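Engineer: Return a 3D structure for these sequence lines:
(2 chains)
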2 protein chains.
Amino acid sequence: MRTSPLPLTVGELSEGELLDRILPRLAGGAAALLGPGDDAAVLAAPDGRVVVSTDTQTQDADFRLVWPNGYRHTGFDVGWKAAAQNLSDINAMGAVATGIVVSLTLPPATPVGWVEDLADGLAAGVRGLGATRCALAGGDLGRGGELSITATVLGSLDGRSPVLRSGAHPGDVLAVAGSLGHAAAGLALLDEGPAYETLDGALRGLVELQCRPVPPLNAGPAAALAGATALMDLSDGLERDSLRLAQASRVRLDFDLDALRARAEPLRSAAALLGADPLAWVLGGGEDHGLLAAFPADAQLPHGFAAIGSVLPADGGTPGVFVGGHPAASRGWDHFAW
Amino acid sequence: MRTSPLPLTVGELSEGELLDRILPRLAGGAAALLGPGDDAAVLAAPDGRVVVSTDTQTQDADFRLVWPNGYRHTGFDVGWKAAAQNLSDINAMGAVATGIVVSLTLPPATPVGWVEDLADGLAAGVRGLGATRCALAGGDLGRGGELSITATVLGSLDGRSPVLRSGAHPGDVLAVAGSLGHAAAGLALLDEGPAYETLDGALRGLVELQCRPVPPLNAGPAAALAGATALMDLSDGLERDSLRLAQASRVRLDFDLDALRARAEPLRSAAALLGADPLAWVLGGGEDHGLLAAFPADAQLPHGFAAIGSVLPADGGTPGVFVGGHPAASRGWDHFAW
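Structural biologist: Just a heads-up that it's a prediction; the model follows:
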C-alpha cells in the first residue's frame, strides 16, 4: 500500500505548465518596463549605461542536494544564493541592481515543488537583501542531466563611475564590508561536521550563510559615494581576491594580522569542533560575498566598512598581498584546480 | 608507444589559465564601456532602456557531442549557436544587440581545444551574423558533469517601442523572415540520416543550419521601422510559436497552404531520403530562428519578409492557428514533454 504519493516531477509537466507555477512567484516588487512572456524583457537604464554580470551554480560542483552532514539543500537555498551572488557583483561595481534573468536546467525527475521553492528563494533573496529596484524579468527553462541555474543581473550606476579593481593607490586604507570566513566555516560543517540536527544555533547560522549568503548590498553604492578608489566582491577568498585587486592596481596590499584575528573570533567554536584554523577560513574562505575596498586615507569609511589594512607601493614593481608583514599564500577557491 | 599525446583538458588548467586562452578570442569588434576582467561589465544603453534575454544549451538535451549519423558537434558549433539563438531574441523585439555575457559549465575532462573552438564560434557568430554593435562583455566559468553554455544578450531599441507578440490586429498580413523547417530537416538527418560524410552539399547545408543557425538579424529592426504590429522569434516551430502570438494578440492566424508548400520544396530531397513529410518540418520544426511578424495590410513588407497568411478575428473569442482553413495541430518542441 502506498501511503504517500510520489511527488509531481517536472517531466510530467509541459514547459508552459511549469512556467505557470514559477512566474506568479516572481511577480511583485519593482517592475520591469516589460517583464516575462515575450522574446525578451525591457529594463530601464536611466543613465544610459547598464552593468551586467552572470554566474552559474551547478549541482555537485556548487551545491549538493544532500550534504555529508545530512543537511538537505533546498530549492529555496539555490534560488536565494543565485540572487545573492549575482547581486553582489553589481554591488561590487558601486551599482544598484535593476533586473535579473534566470536560466534553469532541470532533470525530468526534479520535483515540481523543489522548483517552486527555488522561485520562492530567488524572489525572497532579491527582496530580503534589499534589492528593491530589481525586477525578476524573465528567463529560460530547459532539461539536462544535472540541476543548474544561471542568473544574470543588470544594474544602474545612477550617474556614477563604476568602481574598478584597478584604482587603488599607495597610501589608501583597505577596508572590508560583510563577514569573512563564515561561509567557509559553514561549508566545512556541511562537509565534515556532525549531523546538522545536532548543531547549535550559532553553528547552524554558519551553515545558513554558506547556503543563503547575505552580501551587504548597500555598501557598494555607499563606497562609491565615499570616494572608494577600488572595489571588488569577495567570492573566492580574501587572499585570492585581494591578489587580483593588487595586480589590477599594481600595488602591494598589507593586511593587519590583529584585525584578521579579530575576524576569526566568531569562528572559534566551529574551528574547535572540526580541528580547523579559523584564520585560514578568514584568509582563504570565499562565498561570504562581502566587499574589499580601498579608500583615500582621509575618507570617512561608510557604514558597514571596517579598516583591515593599507595599500603600499608594489615591492620592486611586483604586486602582492602581505599579512602581518609576510607574503600571503593564495589559498582561495579555483574552479578547475582541485 | 604513444603516437599522439592526449589533449590538454580544462581540469589541468587553473581558471585564470583557461580564461587567458578564451578572452583573447573574444576581443575586437564593438567595444563595451567596460569589458571582461572586473566584477561586472558596463555597456551603453543609449536610449535609457535595455533589452535582455537568456538561453541555455546543455549537452545531450540541446546537442550531442557525436550525433547518430556520425557528425561531431564542434565547440565552434556550440559557440555559434549560443550567439545565434540569443541574438535572435533581441532581433525579435525589433532591437539591436549591444553585448553578450556567457556562463560556461565544463566537465574537467573537456579538451581545452574544444573550449577555444567554442570561444571562436561565439565570436564568429556575433560577427558573421552582423551583430557589429555587440560586445563580448564577459562571463563565468565553472565545472559540472555535463557541458552547458548560457548566453545572455543585451540590446538597444534605439528609441523605438519594442514590437511585442500581443499587437497583431485582424486585417494584418502575416509574414516570415528566414528559413522554415531547414534546421528540423538537419536535425532529422543528424538523428536518422546516413553517415554525414556521404551527404551531398545541400543536405550538409541543412545539418549546418541546425548546428549553426543564421537568424536574419537585420529583419527585426526593419520590421519595427516598417510598422510591424507583432513580432516573435521562431524557435519552437511555426505552429507552436504562432499559437503563442495568436493567444497574446487574441486573434486567429490563417496560414496560406500554398505558401507553406512552397517553403517545403527545398526540403524535398532530405524528406525523400528519410521518408519524412517536408511540410511537417515547415510547420513543426524549430531552431531556424526566423521571425514571424504581423504588418498592417497597407505596409510595405521590408526586405527579407514574405507574406504567408493573414490575421483574422478570433473565432468566438478563442485564439487559434489555421493552416489552409483547417485548425493546426501544435507539433513544435516542448522541453519537458517528450
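Engineer: rest of the way, CA atoms for contacts and neighbours
Structural biologist: Noted.
Engineer: Return the list of helices and strands in contact with the helix or strand encompassing A:Ile308.
Structural biologist: Per DSSP states H and E: A:Ile308 is located in strand A:305-313. In terms of contacts (3 or more C-alpha pairs under 8 Å, 6 or more residues apart in numbering or on different chains; DSSP states H and E), strand A:305-313 is packed against strand A:173-177, strand A:251-255.
Engineer: just these: most buried one?
Structural biologist: Sort the helices and strands packed on strand A:305-313 by mean neighbour count, taking mean count of other C-alpha atoms under 10 Å in any protein chain shown, and strand A:251-255 sits at the top with a mean of 26.
Engineer: In terms of helices and strands, where is the closest residue to A:Pro327 other than its chain neighbours?
Structural biologist: In space, and not counting its chain neighbours, A:Pro327 is closest to A:Val321: 6.0 Å by C-alpha to C-alpha, 6 or more residues apart in numbering or on different chains. Per DSSP H and E: A:Val321 is located in strand A:320-323.
Engineer: Can you tell me the strand partners of that strand and which way each runs?
Structural biologist: strand A:251-255 (parallel), strand A:326-327 (antiparallel) (DSSP bridges).
Engineer: check contacts around the nearest residue to A:Gln300 once chain neighbours are set aside.
Structural biologist: In this structure, A:Gln300 finds its nearest non-sequential neighbour in A:Ala226, 6.9 Å apart by C-alpha to C-alpha, 6+ apart. Counting by C-alpha atoms under 8 Å, 6 or more residues apart in numbering or on different chains, A:Ala226 touches A:Phe295, A:Ala299, A:Gln300, A:Leu301, A:Pro302.
Engineer: Three-state assignment for the third one, please.
Structural biologist: Which is A:Gln300. coil (DSSP: H, G, I helix; E, B strand; the rest coil).
Engineer: how many other residues sit next to it?
Structural biologist: Counted with other C-alpha atoms under 10 Å in any protein chain shown, the neighbours of A:Gln300 add up to 12.
Engineer: That one and A:Glu239, how far apart?
Structural biologist: 25 Å (C-alpha to C-alpha, to the nearest Å).
Engineer: Around chain B, pick out the residues from the stretch 101-250 of chain A.
Structural biologist: Applying C-alpha under 8 Å from any C-alpha of the partner chain, we find that the stretch 101-250 of chain A lies next to chain B at A:101-103, A:105, A:108, A:138-146, A:150, A:152, A:164-165, A:232-233.
Engineer: Most neighbours of all the contacts of A:Ala226, which one?
Structural biologist: When neighbours are counted by other C-alpha under 10 Å, A:Phe295 leads those with 28 neighbours.
Engineer: who does it bridge with?
Structural biologist: Counting by DSSP bridges, A:Phe295 is bridged to A:Val173.
Engineer: A:Gly113 and A:Ala123, how far apart?
Structural biologist: Distance from A:Gly113 to A:Ala123, by C-alpha to C-alpha: 15 Å.
Engineer: more crowded one of the two?
Structural biologist: Set A:Gly113 next to A:Ala123 and count neighbours by other C-alpha under 10 Å: A:Ala123 wins out with 23 against 15.
Engineer: The nearest residue to the more buried one once chain neighbours are set aside: how many residues sit nearby?
Structural biologist: Distances taken as C-alpha to C-alpha, 6+ apart place A:Leu26 nearest to A:Ala123, at 5.6 Å, with adjacent residues excluded. Number of residues near A:Leu26 (other C-alpha under 10 Å) recorded here: 20.
Engineer: what does A:Thr132 give?
Structural biologist: Look at A:Thr132: counted by other C-alpha under 10 Å, it has 16 neighbours.
Engineer: Settle this for me: it is touching A:Val126, isn't it.
Structural biologist: Yes - taking C-alpha atoms under 8 Å as the definition, A:Thr132 is a contact partner of A:Val126 at 7.3 Å.
Engineer: which residues in the stretch 151-300 of chain A form strands?
Structural biologist: A:173-177, A:230-234, A:251-255, A:290-295 (DSSP state E, counting those that start in this stretch).
Engineer: Point out the other helices and strands that the last one packs with.
Structural biologist: Helices and strands touching strand A:290-295, by 3+ C-alpha pairs under 8 Å, 6+ apart, are strand A:173-177, helix A:219-225, strand A:230-234.
Engineer: for A:Thr56, what are its contacts?
Structural biologist: With C-alpha under 8 Å, 6+ apart, A:Thr56 has these contacts: A:Ala82, A:Ser148, A:Ile149, A:Thr150, A:Ala151, B:Ser103, B:Thr105, B:Asp140, B:Gly142.
Engineer: Count residues in the vicinity of the closest residue to the fifth one other than its chain neighbours, would you?
Structural biologist: By that I understand A:Ala151. Leaving aside its chain neighbours, A:Ala151 sits nearest to A:Val102 (4.4 Å; criterion: C-alpha to C-alpha, 6+ apart). Look at A:Val102: counted by other C-alpha under 10 Å, it has 30 neighbours.
Engineer: The one 5 residues further on too?
Structural biologist: Other residues near A:Pro107 number 17, with proximity taken as other C-alpha under 10 Å.
Engineer: doesn't A:Glu146 make contact with it?
Structural biologist: Yes - assessed by C-alpha under 8 Å, A:Pro107 is found in contact with A:Glu146 at 5.8 Å.
Engineer: can the helices and strands packed on strand A:305-313 go into JSON lines with extra columns for distance to A:Gln57?
Structural biologist: Shown next, in JSON lines, are the helices and strands packed on strand A:305-313 (distance: least, C-alpha to C-alpha, whole Å):
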{"stretch": "strand A:173-177", "distance to A:Gln57": "24"}
{"stretch": "strand A:251-255", "distance to A:Gln57": "31"}
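Engineer: Now do the host helix or strand of A:Glu116: which elements does it pack against?
Structural biologist: Using DSSP H and E, A:Glu116 sits within helix A:112-128. Judged by 3+ C-alpha pairs under 8 Å, 6+ apart, helix A:112-128 is in contact with helix A:15-26, helix A:75-91.
Engineer: Kindly report which one of those carries the lowest mean pLDDT.
Structural biologist: Across the helices and strands packed on helix A:112-128, helix A:15-26 has the smallest mean pLDDT, namely a mean of 90.
Engineer: That helix vs helix A:112-128, what angle?
Structural biologist: Using axes from the mean of the first three to the mean of the last three C-alpha atoms, to 10 degrees, the direction of helix A:15-26 lies 30 degrees away from that of helix A:112-128.
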